[in-house]
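> how would this look folded up:
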Amino acid sequence: MWFAVSLLFRNRRIEPEVRDLEGIEVTKELLSAVQEFLSMPFQQRPHFRGWAWEGERLLQNFCRYAIAKGAGEKGDCRYEHLLGFLEHRHLHGIPKEQLKGEAKVLAEFLRFLWERAGKSEDPLKGEDLDEDLGWLDDWYEESIILVQADDEKVARQKAEVMGERITTEYQREANPDTRWEFMGVLKVYEVLDETLQDGTEVFARFLTAKEARQLMRVYKRR
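Residues are numbered from 1 along each chain as shown. Down below sits the predicted model:
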C-alpha cells in the first residue's frame with residue numbers, strides 16, 4: 001500500500017558569530033558620524049523622532065556590528081550589516097515591532113553614512129525592509145512524501161527515518177547561521193487508488209476557516 005505522509009521541518013536562526021558586541025571599539029570616524037547624525041535637525045531624519053533617548057547607543061552598536069563584519073569607514077557599512085544587526089538584536093529578545101522602528105532609523109543612518117562617504121547610490125538598492133524583517137522569524141516547511149508500507153504504523157516509522165535524512169540534506173545546503181530541524185510526522189494518509197495516475201488524490205486534510213484564510217493570504221502574495 002501507498003501512504004502520503006506530511007512532514008514538518010523548521011528552519012531556525014542560531015546565534016551569529018558576533019558575541020561581545022559592546023566590547024568592540026568604534027572607530028573615530030564612525031563615532032564622529034554618529035554625533036554628526038544626532039546633531040542634524042529632525043526634518044532631515046524624520047524616523048529618528050522618539051529615539052533620542054536611546055538612539056546613540058543603537059547607532060554605535062550598529063557601527064560595532066559593521067566593524068565586526070569588516071567595515072572600517074563610513075562607506076564600508078552595507079545593507080547586509082543592517083539586516084545582520086537587526087537579526088542579532090532579535091535573537092537577544094528585541095520584539096519585531098520595535099525592530100521595525102529601529103530598521104527605519106538605521107536605514108536613515110546608513111544613507112547618511114553613504115552620502116558622507118561620497119556615494120550617490122542608495123545603500124538599500126530598492127530592497128523592502130519590512131519584507132526582509134519577515135525572515136527574522138523561524139520558517140516552517142510542510143513536505144508531502146509517498147511511502148510504501150504494509151500499514152499506517154510502518155509508514156509512520158519509515159517517514160520518521162526519511163524526515164531525519166531529509167533534515168541532514170537540507171542542513172548541508174543551509175546558510176551557516178540557520179539550523180534545520182525535523183519536527184515530526186503531522187499526518188499519514190492512505191492512498192486509496194491502486195495505481196497513481198492523473199487525478200489521484202494523494203493527500204487531503206480538513207482546515208478551519210482561520211487556517212484557510214491564512215493559506216489564501218499566502219498564495220495571493222505570490
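
> tell me where the chain has helices.
Secondary structure of the chain by DSSP state H: the helices cover 28-38, 55-68, 79-91, 96-116, 129-133, 152-172, 209-220.

> for L21, which of the ones you listed is the nearest?
helix 55-68 (5.3 Å; CB to CB). Every C-beta, even on glycine, is put in place using the N, C-alpha and C of the backbone.

> buried sites along the closest one?
By 16 or more other CB atoms under 10 Å, the buried positions in helix 55-68 come out as G55, L58, L59, Q60, N61, F62, C63, R64, Y65, A66, I67, A68.

> avg pLDDT for it?
Helix 55-68 shows a mean pLDDT of 93.

> that one vs helix 96-116, what angle?
70 degrees (axes from the mean of the first three to the mean of the last three CA atoms, to 10 degrees).

> can you show me the CA trace of stretch 71-90 as CSV?
C-alpha atoms of stretch 71-90 as CSV (Å, rounded to 0.1, in the frame of the first residue of the first chain):
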residue,chain,number,x,y,z
ALA,A,71,33.7,47.7,7.9
GLY,A,72,36.3,50.4,8.9
GLU,A,73,35.0,53.5,7.2
LYS,A,74,31.6,55.1,6.6
GLY,A,75,31.3,53.8,3.0
ASP,A,76,32.1,50.2,4.2
CYS,A,77,28.8,49.9,6.1
ARG,A,78,26.2,48.0,4.0
TYR,A,79,22.6,46.9,4.0
GLU,A,80,23.7,43.4,4.9
HIS,A,81,25.2,44.8,8.1
LEU,A,82,21.9,46.5,8.9
LEU,A,83,20.0,43.2,8.5
GLY,A,84,22.6,41.2,10.4
PHE,A,85,22.5,43.7,13.3
LEU,A,86,18.7,43.5,13.4
GLU,A,87,18.9,39.7,13.4
HIS,A,88,21.4,40.0,16.3
ARG,A,89,19.0,42.1,18.3
HIS,A,90,16.1,39.8,17.5
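
> list the buried residues in that stretch.
71, 74, 76-79, 81-90.

> those residues: which two are farthest apart?
K74 and H90 (25.3 Å).

> by mean pLDDT, which helix or strand of the protein comes out lowest?
When each helix and strand of the chain is scored by mean pLDDT, DSSP states H and E, helix 209-220 comes last, with a mean of 78.

> how about residues contacting it?
Residues outside helix 209-220 that contact it (CB atoms under 8 Å, 6 or more residues apart in numbering): L207.

> any figure for the gap between the residue nearest the centre of the chain and E80?
Centroid check for the chain by CA atoms, centre = their mean gives W135 as the closest residue, at 2.3 Å. Separation of W135 from E80 (CB to CB, to the nearest Å) stands at 13 Å.
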